[in-house]
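In: what's the 3D shape of this:
(4 chains)
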Protein chains: 2
Amino acid sequence: MRGYDGATLTNLASAAGLSKASLYHHFPGGKPEMAAALVRHAIADLQRQAFSRLSGHQSPGTRLLKFIDGFSAYTQTGESDCLLAVFNHHNTATEETATQQLLINQQFDDWHAALASVYEQAGLRPKKAKRAAHDLMAALYGALLIAKMHNQPVLFTDAIKRLKKDITRQFDLETV
Amino acid sequence: MRGYDGATLTNLASAAGLSKASLYHHFPGGKPEMAAALVRHAIADLQRQAFSRLSGHQSPGTRLLKFIDGFSAYTQTGESDCLLAVFNHHNTATEETATQQLLINQQFDDWHAALASVYEQAGLRPKKAKRAAHDLMAALYGALLIAKMHNQPVLFTDAIKRLKKDITRQFDLETV
DNA sequence: GTCTATACACCGATAGAC
DNA sequence: GTCTATCGGTGTATAGAC
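Out: Numbering: from 1, shown residues only, chains lettered A, B, ... in the order given. Below you'll find the predicted structure:
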């Protein structure tokens, strides 16, 4: 992960097994369009693996547990990074990626609303539900970052276990 | 924040009010040496503003509260980023910055030990103290990241308030 | 210590053959 | 759709005057 500037077309081309010129056939808009496609793909991926599990006919607590498992899977059990976090962390004051920044911000707002909605269905009042949603996201991304900082993926998996245990207790569920 | 690759010498020079050539007088090692100096500065800064407050003759809980305040100050109340987190997040598989990565990892290990020590002094057993130390760091960095993601700095300050309140309750302290 | 001028490599992007 | 060849620009880094 070397960010937008670190991702050179030569790298991208060799990673794709194509020449630089061929990339422009698939992405006439050049590098910004490639970044946009990557962001869209990451959003769809995180949506599919994690946030889609927030909806359904199961109990709110069960859905939260499935969501956490989905997030863990998305990050390859803490081994990989969240491209959206890296991208958003890493680009400000540049014209080319401003649109992607906004897209990511809006997506996280939507996701936060979906997460808060589940907490409301579990009986929390709107204010507390929003707070719980922020806290869960912060716990997930915080654990991911700390595991990276210490180069100990087990810190992430342990945090996931405890998060799930807390939710299981809070909503009086069986372990899944 | 555009990472190591995004920080061009032209940018650095204009930011420093010097020419590119002059930078090489102060940093003969070129860009990697400049990055190393920046990392060392950031480490010293975070040590001074936050982690130094973990030692002293006050109660463990009080020292934890001062540490949290120091971390908040270091991040400009959530407005700024932690350069160490960005740097570590953002460079892998590159030769030039590998040394800085290791330095940051070791520093965070030391800081974690210092934090865990305070929790031990507060009565926690080693295993739980280490866990609490990891959790606090994850909560701080998680809140910082989420605040950035939603472009709402208040999410960080709110999280700080609640973290301090929790510690105040846990250790039966007066609010500072 | 600071500057201008410059070397050389690589960047993103395009032209045009196949 | 893919390629080679190439453009103008910019990247890091150095030489040498002051």
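In: Going by C-alpha atoms from here, please, whenever you check contacts or count neighbours.
Out: Will do.
In: Can you pull the residues of chain A lying near DNA strand D?
Out: For chain A, the residues in contact with DNA strand D (Cα under 7 Å from any atom of the strand) are A:17-23, A:25-26.
In: residues of stretch A:30-45 that come out buried?
Out: By neighbour count on 16 or more other Cα atoms under 10 Å in any protein chain shown, the buried set for stretch A:30-45 is A:31-36, A:39, A:42-43.
In: To clarify, my last question referred to stretch A:46-57.
Out: Neighbour counts over stretch A:46-57 (16+ other Cα under 10 Å) mark A:46-47, A:49-55 as buried.
In: does any bit of it sit next to chain B?
Out: No: Stretch A:46-57 stays clear of chain B (Cα under 8 Å from any Cα of the partner chain), getting no nearer than 14.9 Å.
In: Now the terminal residues of that stretch, how far apart.
Out: This stretch, stretch A:46-57, spans 21 Å end to end (Cα to Cα, to the nearest Å).
In: any idea of the mean pLDDT for that stretch?
Out: The average of the pLDDT scores along stretch A:46-57 is 97.
In: before we move on, the earlier item: make a markdown table from the buried residues of stretch A:46-57 and add secondary structure to it.
Out: Below are these laid out as a markdown table (DSSP: H, G, I helix; E, B strand; the rest coil):
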| residue | secondary structure |
| --- | --- |
| A:L46 | helix |
| A:Q47 | helix |
| A:Q49 | helix |
| A:A50 | coil |
| A:F51 | helix |
| A:S52 | helix |
| A:R53 | helix |
| A:L54 | helix |
| A:S55 | coil |
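In: re earlier: just send the residues of chain A next to DNA strand D back as JSON lines, with secondary structure too.
Out: JSON lines is the format used below for the residues of chain A next to DNA strand D (three-state DSSP):
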{"residue": "A:G17", "secondary structure": "coil"}
{"residue": "A:L18", "secondary structure": "coil"}
{"residue": "A:S19", "secondary structure": "coil"}
{"residue": "A:K20", "secondary structure": "helix"}
{"residue": "A:A21", "secondary structure": "helix"}
{"residue": "A:S22", "secondary structure": "helix"}
{"residue": "A:L23", "secondary structure": "helix"}
{"residue": "A:H25", "secondary structure": "helix"}
{"residue": "A:H26", "secondary structure": "helix"}
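In: Out of these, which end up buried?
Out: The neighbour count (16+ other Cα under 10 Å) marks A:20, A:23 as buried among the residues of chain A next to DNA strand D.
In: Assign the residue in chain A that chain B sits nearest to to helix, strand or coil.
Out: Of all residues in chain A, the one sitting closest to chain B is A:G142 (3.7 Å; Cα to the nearest Cα). Under the three-state scheme (three-state DSSP), A:G142 adopts helix.
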